[in-house]
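In: Here you go, sequence then predicted model.
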Amino acid sequence: MLLDAVNWLNAAGIETKTFGDLFVLLLAKRVIQLGYGLETLCEAGYAGDAAPLARTMLNGAINLVYLAEADRDGRAAAYVKQEQLIRRKRIKRILAQCEADRVAGRRPMLSEDQVAQLHQDDVRVTADEEAKLAELARQGIVPVKRGNNPNTWTGFTERELYQAMNAESWYLSFYALFSDAAHVSANSLTGSLNEILQGVSFFGPQFEDPQFVVRASHQAVLQVLYQLERLYGLGKFAEAKAIDQQMLAAIGSYQQPEQAGD
């Protein structure tokens, strides 16, 4: 599926004519690249550790869906603008922690030289961002967001974004469960419970069932192709659908032996 998706994307020859186009394609590339990482983990026996990666793929795909929905230039500008705000908050918290360390007589998390470098890097990156945003403004492109939340570039919380993009089923069936693994919740530890109770621990590849993370990867990657087809009218929907059907058939074939065993 991944190889077919790459070939599909390369053959499409999409041109980045606008700022929004650039971010659409960057997100598309990122989702597929993450798919390769997830596949590698599964093949090596680490499917149980791939849930956070699958979660990231879904986030990338839903971000692309949001960009492609409307005014992708303005929304891409908001994407960049929000990163600036996030970086400033992060730097402020780092500096506050350094000061707290000094007051408490601890070694600060950053040396004075590192703090100075942090400021220099922020000045440079901010100047680049402001220049880009100013150039976009001259072209009539200003940051816009559909929702009202000031803390995200979309104006939505994560769940609200999935709901707004008609993808709450993704959130409920995949994203919420994968978040347990990403946050190392108590629920994510149950797989090791029997080992601990028996007084043994096994490390390395576990060869757990990969189908759940693979299904999430499949949906994320194919959604990317469908959105690109819808957005740019590439005339490649039938090819994308064929990739989808082949993957669905493969998942079905994988499930059949389990059902027979049951």
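Out: Here it is on my side, so go on. These numbers were taken from a predicted model, which means no experiment stands behind them.

In: And the pLDDT for the residue of the chain most remote from its centre?
Out: Largest separation from the mean C-alpha position in the chain: Gly105, at 39.4 Å (Cα atoms, centre = their mean). Gly105 is assigned 93 on the pLDDT scale.

In: Okay, it and Gln97: tell me how far apart.
Out: Plainly put, Gly105 is 14 Å away from Gln97 if you go by Cβ to Cβ, to the nearest Å. Placement of C-beta: from N, CA and C, glycine included.

In: And for Leu197, the neighbour number?
Out: Neighbourhood size, Leu197 [other Cβ atoms under 10 Å]: 8.

In: And for Ile91?
Out: If we define neighbours as other Cβ under 10 Å, then Ile91 has 15 of them.

In: and if you look at the one 4 residues further on?
Out: Burial of Leu95, expressed as a neighbour count using other Cβ under 10 Å, amounts to 16.

In: Moving C-terminal from the lowest-mean-pLDDT helix or strand in the chain, which element do we reach first?
Out: In the chain, the helix or strand scored least confidently by mean pLDDT, DSSP states H and E is helix 193-198, which has a mean of 72. Counting by DSSP states H and E, the element after helix 193-198 in chain order, helix or strand, is helix 211-232.

In: Now do the helix or strand harbouring Ala54 and helix 211-232, the angle between them.
Out: If you go by DSSP H and E, Ala54 is part of helix 51-69. If you take axes from the mean of the first three to the mean of the last three Cα atoms, to 10 degrees, helix 51-69 sits at 20 degrees to helix 211-232.

In: Which positions in the helix or strand just after helix 51-69 come out as buried?
Out: Heading C-terminal from helix 51-69, the first helix or strand you meet, by DSSP H and E, is helix 72-103. Within helix 72-103, the residues scored as buried using 16 or more other Cβ atoms under 10 Å are 72-82, 94-95, 98.

In: who does helix 72-103 touch, helix- and strand-wise?
Out: Under the contact definition 3 or more Cβ pairs under 8 Å, 6 or more residues apart in numbering; DSSP states H and E, helix 72-103 sits against helix 19-43, helix 51-69, helix 112-138.

In: Which one, of those helices, ends up nearest to Leu231?
Out: helix 51-69 (4.8 Å; Cβ to Cβ).

In: what angle separates the closest one from helix 19-43?
Out: Using the same axes, to 10 degrees: helix 51-69 against helix 19-43 is 160 degrees.

In: next one: helix 51-69 to chain centre, how far?
Out: Distance of helix 51-69 from its chain centroid, counting by Cα atoms, centre = their mean, to the nearest Å, is 5 Å.

In: Output the contacting helices and strands for it.
Out: Checking 3+ Cβ pairs under 8 Å, 6+ apart, helix 51-69 ends up next to helix 19-43, helix 72-103, helix 158-164, helix 176-182, helix 211-232.
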